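Visitor: one predicted model, sequence on top.
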Amino acid sequence: MLFNSLIFTIFLPLAFTGYWLTPAKYRNYFLLAASYYFYFSYNPWFLLLLIGTSAFDFWCAKQIQNQEAPQTKKIYLLLSLVSNIGVLFIFKYFVFCYNSAISGFHLPYSVLNHLIIPAGLSFYTFQSLSYTIDVYRGKYKPNDTLCDFLLFVSFFPHMVAGPIVRYQSLMPQLKTRSYFKTIDWEGFVRLTVWGYFKKLVIADNLNRIVTPMFNDVTHFSGIELFIAGLLFVIQVYCDFSGYSDIATGIAKLFNINLSLNWRRPLFSRSLHEFWQRNHISITTWFRDYLYIGLGGNRVSYNRWLFNIFLVFVISGFWHGASFTFIVWGTMHGVMYIIEILLKKTFSKVKVPKVLGWLYLMLFHTVTLIAFRANSFTDLRYIYKKMFSFTGDYFSLHSLFTLEDKFYYCLMIFLVAILFLKEYNEEYAFVNRRPFIYQALKPLAYVLFIIIIFVLGNFSANTFIYFQF
């Protein structure tokens with residue numbers, strides 16, 4: 001079930017009504033059933049996988065708490081790790097590793113097609129796994145009921161594509177009795193309208209340009225391929241942050257506040273700043289459970305730099321079983337380390353903000369092409385074409401055959417709205433004038449709603465991060 005599907009417009013009012021009509025002590029049971037139905041609509045069999053992995057992690061956490069010997073505790077932690085990573089490997093990486101072995105060793109076996117990846121597999125396994133690791137580290141005692149834990153993992157707004165919510169943030173809210181009169185209606189409307197605007201109006205309309213270009217890269221010039229990368233930067237940001245906004249807004253209908261996942265990353269002026277603003281929940285997950293597990297910065301200087309690099313490579317591979325994702329993660333790891341070394345060497349040098357922003361956008365665009373390319377062969381062709389500067393490099397002929405020029409003007413206008421909205425959130429140039437802000441705010445959201453219904457793409461396109 002997609003947030004932008006017709007069936008969701010029926011499901012959400014029913015879930016909302018049923019939740020608030022259910023007696024308080026049974027509401028979590030109702031919300032768990034609703035969340036499981038939400039996931040059941042994707043693929044009934046994968047619901048069993050969700051329940052099985054969550055219940056097993058809950059059992060492992062209980063066993064960790066009940067054991068006294070450190071070695072025995074570690075055994076149950078390893079069981080949780082192996083089960084979650086094993087599920088990820090089977091569904092996301094087995095075909096990739098098998099086909100790579102076939103090609104690399106020239107074995108006489110047939111190549112396998114990709115398996116169907118359960119929606120949100122990486123997100124809900126990471127959320128469940130974080131609980132077991134925290135119990136092992138002594139941060140929490142697993143005194144929760146099985147129902148509360150299963151709901152913590154599968155709460156439907158965030159289950160499929162995040163944000164990955166920590167125990168201390170979500171679980172206390174699930175255990176606290178809430179009241180209908182305390183619903184944050186303004187937050188619900190503001191977040192969901194803006195989320196749908198970013199998804200339906202910007203991301204899905206840009207997809208009409210981006211996907212044909214990446215599906216047929218040989219027919220486009222170097223500058224056109226760079227433009228495709230830049231458009232994908234905007235598309236993937238609007239698609240994923242749009243999902244997070246919608247999820248956070250819908251959660252408010254149940255008096256649940258989800259954690260912040262995006263903080264206008266495209267206004268960053270360095271790669272360090274970018275990863276402090278971009279996909280915050282997964283970035284902090286890798287920091288707390290992988291980077292720190294590798295030793296963090298409590299090791300030698302060279303080992304510390306290697307830990308950073310390794311985290312980026314692994315996070316790239318987490319996004320998908322393809323060499324293109326490994327290339328993306330590797331480039332970010334290398335540049336992140338280069339920034340550290342430059343800052344150490346030229347600590348007194350202040351880079352102008354505009355230059356920092358241009359550098360970040362250029363690097364982000366070039367590297368995100370690796371994130372989007374359909375194959376390593378396509379990626380190699382794109383980079384060769386982009387950096388050759390020969391022949392028809394600056395030709396825009398093929399680009400304008402995809403859509404008419406009015407469509408491009410319209411998209412420029414819509415992206416300008418996105419920029420102005422986020423620029424105001426970043427620098428509060430309107431918010432500083434309370435009278436003007438209070439007058440313009442409702443008008444702006446009415447305009448967003450009108451634009452959604454007039455220009456929105458209602459083809460129920462899936463969210464990009466569902467594949468992860």
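Guide: Alright, I've got the coordinates.

Visitor: below-threshold pLDDT in this protein: ranges please.
Guide: 1, 95-96, 98-100, 102-116, 162, 460, 465-468 (pLDDT under 70).

Visitor: biggest helix in it by residues?
Guide: When the chain is parsed with DSSP state H, its longest helix is helix 222-251.

Visitor: so what secondary structure elements neighbour that one?
Guide: helix 156-159, helix 185-196, helix 204-215, helix 353-372, helix 376-386, helix 397-400, helix 405-427 (3 or more CB pairs under 8 Å, 6 or more residues apart in numbering; DSSP states H and E). Where C-beta positions appear, they are placed from N, C-alpha and C, glycine not excepted.

Visitor: make TSV out of those helices and add mean neighbour count.
Guide: Compiled in TSV, the helices and strands packed on helix 222-251 are given as follows (neighbours: other CB atoms under 10 Å):
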stretch	mean neighbour count
helix 156-159	24
helix 185-196	17
helix 204-215	19
helix 353-372	18
helix 376-386	17
helix 397-400	15
helix 405-427	14
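
Visitor: any chance of those in CSV, plus distance to K343?
Guide: Formatted as CSV, the helices and strands packed on helix 222-251 follow (distance: least, CB to CB, whole Å):
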stretch, distance to K343
helix 156-159, 35
helix 185-196, 35
helix 204-215, 34
helix 353-372, 12
helix 376-386, 27
helix 397-400, 38
helix 405-427, 23
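
Visitor: quick one, which of the ones you listed is nearest to L129?
Guide: Closest of the helices and strands packed on helix 222-251 to L129 is helix 156-159, at 14.4 Å (criterion: CB to CB).

Visitor: from the middle of its chain, how far away would that closest one be?
Guide: 12 Å (CA atoms, centre = their mean, to the nearest Å).

Visitor: send me that helix as CSV with only the CA atoms.
Guide: Taking C-alpha atoms only, helix 156-159 is exported to CSV below (Å, rounded to 0.1, in the frame of the first residue of the first chain):
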residue,chain,number,x,y,z
PHE,A,156,3.0,1.6,9.5
PRO,A,157,3.9,5.3,8.8
HIS,A,158,7.7,4.8,9.1
MET,A,159,8.1,1.0,8.6
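
Visitor: now do the longest helix of the chain and helix 353-372, the angle between them.
Guide: 90 degrees (axes from the mean of the first three to the mean of the last three CA atoms, to 10 degrees).

Visitor: which residues touch the very next helix or strand once past helix 222-251?
Guide: Moving toward the C-terminus from helix 222-251, the next helix or strand (DSSP states H and E) is helix 271-277. By CB atoms under 8 Å, 6 or more residues apart in numbering, the list of residues contacting helix 271-277 from outside reads 262-265, 267-268, 283, 332, 335-336, 339, 360, 363-364.

Visitor: adding distance to V349, write those residues out as CSV.
Guide: Converted to CSV, these look like this (distance: CB to CB, whole Å):
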residue, distance to V349
W262, 30
R263, 26
R264, 25
P265, 24
F267, 21
S268, 18
T283, 26
H332, 22
M335, 17
Y336, 18
E339, 12
L360, 17
F363, 18
H364, 22
